[in-house]
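1. one predicted model, sequence on top.
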Amino acid sequence: MAQKILYILPFMNLGGTEVHTVELIKGIRSEYDVLVAGPEGAGLSLLEGNKIPHTKLPGLTPFNVRLYKNLLTSIMRDYKPDLVHIQGRYEPAFFTKRAFPSTPVIITCHGYGNSIALWDYKLTATTGNRWADKIIAVCNNDKEVLVKLGLDPRKVTLIYNGVSSIEDRKYLPQFDGLKIGTIASLIKRKGINYLIEAVELITKKFRDVGLFIIGEGEERKRLESLVEKLKIKRHIFFLGGLPFARSYINNFDIFVLPSLFESLPVSIIEAYAEKKPVIASKVGGIPELVIDEETGILVPPKDSKALASAIERLIEDEQLRERLGENGYNRFIREFTFKVMVEKTRMVYKDILK
């Protein structure tokens, strides 16, 4: 009988953590029985589209701690996992180990970009030392931060995110012009407002440019108001949270991620897989992923003018776009395929379960 792995997701969006989890499960489910526990949300379409079993576990809040603990305990008791792999948060490790102290627990840290990020990293380090058997960091930046904040270096393993090649390509509505694209949750730390401001600057020189934004979130209305204020509505297309968003990257001429913080964004790897030139903020783990002037262009965060300047370079230089795209694809093949990620994670599983 195959050993069982319970994956716990704190959210169920169409973001990088959910994509990472689905890619990982696709790679290991021939060896292991799997179950995903998480709240309801748009990300369920990724699980259902890949026929991944799942059960409901609400997101943890200060107001449902007892309910959360009881539901998680019930899931553990019924499923009897041999291993629990928690994605993106640390709190479930405490509840798991308190109820089932002999069950191994892995936490994958996908980074934190909120106002209490340092506190979250510190609690991840503390939780890792006390209640986790292994911490997986998706970029070296996160690994170094966790160790600096007290995590036992022997407990942390660096495994970069990876994705499979894109097979099902979808197409956007017809647009006669150059397409700039981004895939991001519409939240403040993604910096989409700076990208919109950059496009406003660009349209003063290039009239046939469109920005296609794939993603949904609490900032959408504010971003739409910004577009109205800048009078560039005909250049900006909000496409919402599209399932399997990576299938649309083939439409873009340039991929941009203007985040204020990231660990190792899956969306950039997905752009690499489609040979698209990348422009991204020089923050967090992105410089580990984007080699400036070789696989993409790095710009300072919160700098609309620098972003506009980088985009203009790529608009005017098709050969540069092609060179960056080709180099990014080669780096994807060498280091960021899902086969590499799965194999390294498989070794962690075997080491813990042996």
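-> Here it is on my side, so go on.
2. so where do the helices sit in the stretch 101-250 of the chain?
-> 117-131, 140-148, 192-202, 220-230 (DSSP state H, counting those that start in this stretch).
3. the stretch 251-354 of the chain too?
-> Using DSSP H, counting those that start in this stretch, helices in the stretch 251-354 of the chain cover 266-273, 286-289, 304-316, 318-335, 338-353.
4. of those helices, which approaches Gly162 most closely?
-> helix 338-353 (3.2 Å; C-beta to C-beta). C-beta: built from backbone N, CA, C; applies to glycine.
5. show residues contacting the closest one.
-> 3, 5, 23-24, 26-28, 31-32, 82-83, 104, 106, 133-134, 136, 157, 159-164 (C-beta atoms under 8 Å, 6 or more residues apart in numbering).
6. ok, now stretch 223-237?
-> Contacts for stretch 223-237 (C-beta under 8 Å, 6+ apart): 172-173, 175, 186, 192-193, 196-197, 199-200, 203, 209-213, 238.
7. could you flag which of the contacts of helix 338-353 are buried?
-> Buried subset of these (neighbour count, 16 or more other C-beta atoms under 10 Å): 5, 23-24, 27-28, 32, 82-83, 104, 106, 133-134, 136, 157, 159-164.
8. could I have the buried ones of the contacts of stretch 223-237 as PyMOL selection syntax?
-> PyMOL command restricting the contacts of stretch 223-237 to the buried ones, with burial defined by 16+ other C-beta under 10 Å:
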select buried, resi 172+186+192+193+196+197+199+200+203+209+210+211+212+213+238
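9. find the residue closest to Pro81 in space, skipping its chain neighbours.
-> Spatially, and ignoring its direct neighbours in sequence, Pro81 is nearest to Leu6 (3.9 Å; C-beta to C-beta, 6 or more residues apart in numbering).
10. ramachandran angles for the one you found?
-> phi -100, psi 120 (degrees, to the nearest 10).
11. contacting residues around it?
-> Contacts of Leu6 by C-beta under 8 Å, 6+ apart are Val34, Leu35, Val36, Ala37, Ile75, Met76, Tyr79, Pro81, Leu83, Val84, His85.
12. a strand runs through the last one, doesn't it?
-> Yes: counting by DSSP: H, G, I helix; E, B strand; the rest coil, His85 is found in a strand.
13. verify the stated contact: it with Tyr7.
-> Yes: with contact defined as C-beta atoms under 8 Å, His85 reaches Tyr7; the gap is 5.1 Å.
14. show me the shaky parts of the stretch 101-250 of the chain.
-> Applying pLDDT under 70 to the stretch 101-250 of the chain picks out no residues at all.
15. now with 90?
-> 113-117, 163-169, 171-176, 243-244 (pLDDT under 90).
16. before we move on, what about the stretch 251-354 of the chain?
-> 338, 354.
17. could you pull up the residues touching Gly325?
-> The contact partners of Gly325, by C-beta under 8 Å, 6+ apart, come to Lys275, Lys276, Pro277.
18. closest to Lys97 among the residues you listed?
-> Lys276 (42.5 Å).
19. return the most buried member of the helices of the stretch 251-354 of the chain.
-> Stretch with highest mean neighbour count among those: helix 266-273 (a mean of 27; mean count of other C-beta atoms under 10 Å).
20. got the helices of the stretch 101-250 of the chain as JSON lines, with distance to Ile311 columns?
-> Output for the helices of the stretch 101-250 of the chain, formatted as JSON lines (distance: least, C-beta to C-beta, whole Å):
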{"stretch": "helix 117-131", "distance to Ile311": "28"}
{"stretch": "helix 140-148", "distance to Ile311": "25"}
{"stretch": "helix 192-202", "distance to Ile311": "6"}
{"stretch": "helix 220-230", "distance to Ile311": "16"}
